[in-house]
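**Student:** sequence plus predicted model, see below.
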Amino acid sequence: MDVNHLTDQQSMYDIAIIGGGVSGLAAAMYAGRMKLNTVLIGYPPGGVIATTDWIENYPGFISLSGKELADKILAHAKEYEVDMVFDEATEITRDGRCFTVNTAFDEYQAKTVLFATGTRYRKLPVPGADTFEGKGVQFCGLCDGPMFQDKLVAVVGGGDSAAKEALILAQWAKHIYVIIRGDQLKAEPVNMERVKKTEKITLVFNTNVTSIEGSQGIEKIVLDQPFEGKNELVVKGVFIAIGSLPLSQLAVQLGVKTNEKGEILINRQTETNIPGVFAAGDVTDTQFKQAITGVAEGVTAAYQAYRYLGGEFVCTCVDDDYLDCPAAPEDLRGRTE
Amino acid sequence: MSEVPEDIEETVVQRFNEELKDPVKLVFFTQEMECPFCAQTHKLLETVANLSDKITFEVHDFVKDKEKAEQLGIEKIPAVAILGKKDYGLRMFGIPSGYEFQTLIEGIVFASTGKSELSPKAEEALRKVATKPVKIQIFVIPTCPVCPVLGAMAFQFAIASANISVDIVEIAEFPHLAVKYDVVGTPKAVLNEKVQFEGLVPPGQFLTFIQQAAQGSPTGISPTI
């Protein structure tokens, strides 16, 4: 896998794609295919989806892991001339109609920017959560589950992520308590069924964790409602699955508008309020955030960047028009769609 | 996993054909008794070595070949030293199965090419901070999909700097080390026994930890992926 692969730092890229998740990788594939001089800057390669154990709702693949999906799109993108820089963008500035992207070591210039920066895990704002972060308060069941073999653990959250996290942990943990703020687990029906069938998972409704306590490691969590007659639950690990926060800070610094959640506002063409700046995937205000919707936005953004740069190639026109499309790159004619 | 699945084998063979340059030697340390994963690791490494003419496989008994083990810094088994034209300090302890199979392949490719994929400026920054020997231990488990990202990055630092050596340790096989280094989540990195961090960090931040380790200043953070 490339890490910090770099070809020509001095060149002006047509598009700088910020983010190494599936949305960014798909955009890179399309941009490369449309012969845009493309650089993708993102870390880690594959993004957060790489920590998902299984994906069963990406059309064309009945079931595969998040990492498999990311690796497949990455490999596809590498089929084209795309520079991959697996590092974090630290600053993005605009000078006229051009943009400069900085990483810890290098600088890249581009005519357009696509933010596909995704999200980060939301932290649980209770005493002990910071103290034990990485020491029992974890965010990745797949990464850390085996360290809790035959132990009692809690999952905090009431959505599909919490359900999936509990199911992953069931491979190793002795028992899993899912602490849910509301009165139901809002998981995909298929995952809900799996949770119901897994005896070692107990759902605890209408309950909040108020603190995480212990000395050398986690010993218990304190609940605001009694569970089985007690306000304390003995666990050795707490997995947080309470949603995520958009990584839109770099975009905001550039003047890109966001909503009250910090999600980048885009239109159906993935355009932001700044000409030449696009956004795709989980960082946007799209309501239904899925790998497939992020990928779709990524490729839309790549196409819109192509148009913004003067391309006239229209992917959606009928075959006859398509062949006559004057700006279509030679090697694309008759090969797409 | 003790052998390489067919579809993965095909991909690895293609990659080896395209990317391997100099010969690579996998020096494996094992023993017959009291090593639950040695036999599986042996089989896996032997299979991988057979995927390219440029890879040779050498087996040593950890007890009988003590001198060789000490020479290569092997203190526990199963272990493999990945040697290229020279010893870049790439080591893996425990079976490189699951997602760690990817780290093994990356290590072989890096040892063969002798080149990192770091940018010239990143390599320059590394040279400036790695002024003294820094041993990086990265604790992983085979189910951790992001662990190979950190492992591959550390391997590249070792390729680019003679002062860096890297031990990838499958922590489930060495529970005493999980206790010693307080490993609750993976990946976890420990540098020169003093500096440590959990989770993934981007290259620039990793260099800061290398600098601290080279300077002997203890620290620790817990970034989350």
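**Tutor:** Good, I have the coordinates. Not measured: the values here are computed from a predicted model.
**Student:** kindly list the main-chain dihedrals of A:Thr210?
**Tutor:** Per-residue torsions, A:Thr210: phi -100, psi -20 (degrees, to the nearest 10).
**Student:** burial of it, as a residue count?
**Tutor:** Residues near A:Thr210, counting by other CB atoms under 10 Å in any protein chain shown, number 15. All C-beta spots, glycine's among them, are computed from the backbone N, C-alpha and C.
**Student:** surely it touches A:Leu223?
**Tutor:** Yes. Counting by CB atoms under 8 Å, A:Thr210 touches A:Leu223, with 6.7 Å between them.
**Student:** wait, does the longest helix seen in chain A contact chain B?
**Tutor:** Counting residues, the longest helix found in chain A (DSSP state H) is helix A:291-308. No. On the criterion CB under 8 Å from any CB of the partner chain, helix A:291-308 is out of touch with chain B, staying 14.6 Å away.
**Student:** how is chain A divided into domains?
**Tutor:** A:12-120+A:244-332, A:137-240 (automatic domain parsing).
**Student:** which of those has the lowest average pLDDT?
**Tutor:** With a mean of 90, domain A:12-120+A:244-332 has the lowest mean pLDDT of those.
**Student:** what's the domain layout of chain B?
**Tutor:** For chain B, automatic domain parsing gives the domain ranges B:6-113, B:120-215.
**Student:** looking at the ones you listed, which is buried most?
**Tutor:** Ranked by mean neighbour count, the domains of chain B are led by domain B:120-215 with a mean of 21 (mean count of other CB atoms under 10 Å in any protein chain shown).
**Student:** for chain A, what's its nearest residue on chain B.
**Tutor:** Using CB to the nearest CB, the closest approach of chain B to chain A is made by B:Gly204 at 2.6 Å.
**Student:** the residue in the stretch 1-150 of chain A positioned nearest to chain B: what secondary structure?
**Tutor:** Closest approach between the stretch 1-150 of chain A and chain B, counting by CB to the nearest CB: A:Ala104, at 2.6 Å. Counting by DSSP: H, G, I helix; E, B strand; the rest coil, the backbone at A:Ala104 sits in coil.
**Student:** that older thread, now do the buried residues in the longest helix of chain A.
**Tutor:** A:291-306, A:308 (16 or more other CB atoms under 10 Å in any protein chain shown).
**Student:** who are the packing partners of that helix?
**Tutor:** Judged by 3 or more CB pairs under 8 Å, 6 or more residues apart in numbering or on different chains; DSSP states H and E, helix A:291-308 is in contact with strand A:12-18, helix A:22-33, helix A:66-77, strand A:107-115, strand A:277-279.
**Student:** please name the strands paired to the first one in the sheet, noting orientation.
**Tutor:** Here strand A:12-18 has these sheet partners by DSSP bridges: strand A:38-41 (parallel), strand A:107-115 (parallel).
**Student:** so which of those strands comes closest to B:Ser165?
**Tutor:** strand A:38-41 (29.1 Å; CB to CB).
**Student:** sorry, back to before: can I get the helices and strands packed on helix A:291-308 in CSV with distance to B:Phe139 and mean neighbour count?
**Tutor:** Shown next, in CSV, are those (distance: least, CB to CB, whole Å; neighbours: other CB atoms under 10 Å in any protein chain shown):
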stretch, distance to B:Phe139, mean neighbour count
strand A:12-18, 30, 25
helix A:22-33, 28, 30
helix A:66-77, 19, 20
strand A:107-115, 33, 24
strand A:277-279, 36, 29
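**Student:** would you turn these into TSV with distance to A:Ala154?
**Tutor:** Formatted as TSV, the helices and strands packed on helix A:291-308 follow (distance: least, CB to CB, whole Å):
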stretch	distance to A:Ala154
strand A:12-18	35
helix A:22-33	30
helix A:66-77	23
strand A:107-115	34
strand A:277-279	35
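**Student:** between these, which one is closest to B:Thr131.
**Tutor:** strand A:107-115 (25.6 Å).
**Student:** from the chain's centroid, how far away is stretch A:42-52?
**Tutor:** The chain centre lies 7 Å from the centre of stretch A:42-52; the measure is CA atoms, centre = their mean, to the nearest Å.
**Student:** now the helices for chain B?
**Tutor:** Using DSSP H, helices in chain B cover B:6-19, B:38-49, B:66-71, B:100-113, B:120-129, B:147-160, B:175-180, B:203-215.
**Student:** roughly how far out does the fourth one sit from the chain middle?
**Tutor:** Taking the mean C-alpha point of helix B:100-113 and that of its whole chain, the gap between them comes to 8 Å (CA atoms, centre = their mean).
**Student:** on contacts alone, who are the packing partners of it?
**Tutor:** Using 3+ CB pairs under 8 Å, 6+ apart: helix B:100-113 touches helix B:6-19, strand B:24-30, helix B:38-49, strand B:79-83, strand B:90-93, helix B:147-160, strand B:164-170.
**Student:** for A:Val277, what are its contacts?
**Tutor:** Going by CB atoms under 8 Å, 6 or more residues apart in numbering or on different chains, A:Val277 touches A:99, A:112-115, A:251, A:254, A:256, A:271.
**Student:** partner residues bridging it?
**Tutor:** Beta-bridge partners, per DSSP bridges, of A:Val277: A:Val113.
**Student:** ok, B:Val134 next?
**Tutor:** With DSSP bridges as the rule, B:Val134 is bridged to B:Ile164.
**Student:** kindly report the same for the one 4 residues further on.
**Tutor:** According to DSSP bridges, B:Ile168, B:Ala189 are recorded as the beta-bridge partners of B:Ile138.
**Student:** could I get the contacting residues of the nearest residue to B:Thr56 once chain neighbours are set aside?
**Tutor:** Leaving out its chain neighbours, the residue that sits closest to B:Thr56 by CB to CB, 6 or more residues apart in numbering or on different chains is B:Lys25, at 5.0 Å. The contact partners of B:Lys25, by CB under 8 Å, 6+ apart, come to B:55-58, B:82-83.
**Student:** quick one: which of those residues is nearest B:Tyr99?
**Tutor:** Once CB to CB is applied, the member of the contacts of B:Lys25 that ends up nearest B:Tyr99 is B:Ile82, at 17.3 Å.
**Student:** contact partners for the closest one?
**Tutor:** B:24-26, B:88, B:90-92, B:104, B:107-108, B:111 are the contacts of B:Ile82 under CB under 8 Å, 6+ apart.
**Student:** got it, and B:Lys86?
**Tutor:** B:Gly114.
**Student:** show the pLDDT at it.
**Tutor:** Turning to B:Lys86, the model gives it a pLDDT of 96.
**Student:** need phi/psi at it.
**Tutor:** phi -140, psi 170.
**Student:** B:Pro36 too?
**Tutor:** With angles defined as degrees, to the nearest 10, B:Pro36 sits at phi -60, psi -30.
**Student:** A:Glu91 contacts A:Leu250, doesn't it?
**Tutor:** Yes. Between A:Glu91 and A:Leu250 a contact is recorded at 7.1 Å, counting by CB under 8 Å.
**Student:** which stretches in the stretch 101-250 of chain A count as strands?
**Tutor:** Ranges of strands within the stretch 101-250 of chain A are A:107-115, A:119-121, A:137-138, A:152-156, A:175-179, A:201-204, A:209-214, A:218-227, A:230-234, A:237-240, A:244-246, based on DSSP state E, counting those that start in this stretch.
**Student:** okay if I get the ones you listed as a markdown table plus distance to A:Gly32?
**Tutor:** A markdown table is the format used below for the strands of the stretch 101-250 of chain A (distance: least, CB to CB, whole Å):
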| stretch | distance to A:Gly32 |
| --- | --- |
| strand A:107-115 | 13 |
| strand A:119-121 | 25 |
| strand A:137-138 | 36 |
| strand A:152-156 | 39 |
| strand A:175-179 | 42 |
| strand A:201-204 | 44 |
| strand A:209-214 | 46 |
| strand A:218-227 | 46 |
| strand A:230-234 | 51 |
| strand A:237-240 | 37 |
| strand A:244-246 | 26 |
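**Student:** with respect to burial, which of the ones you listed scores highest?
**Tutor:** strand A:137-138 (a mean of 28).
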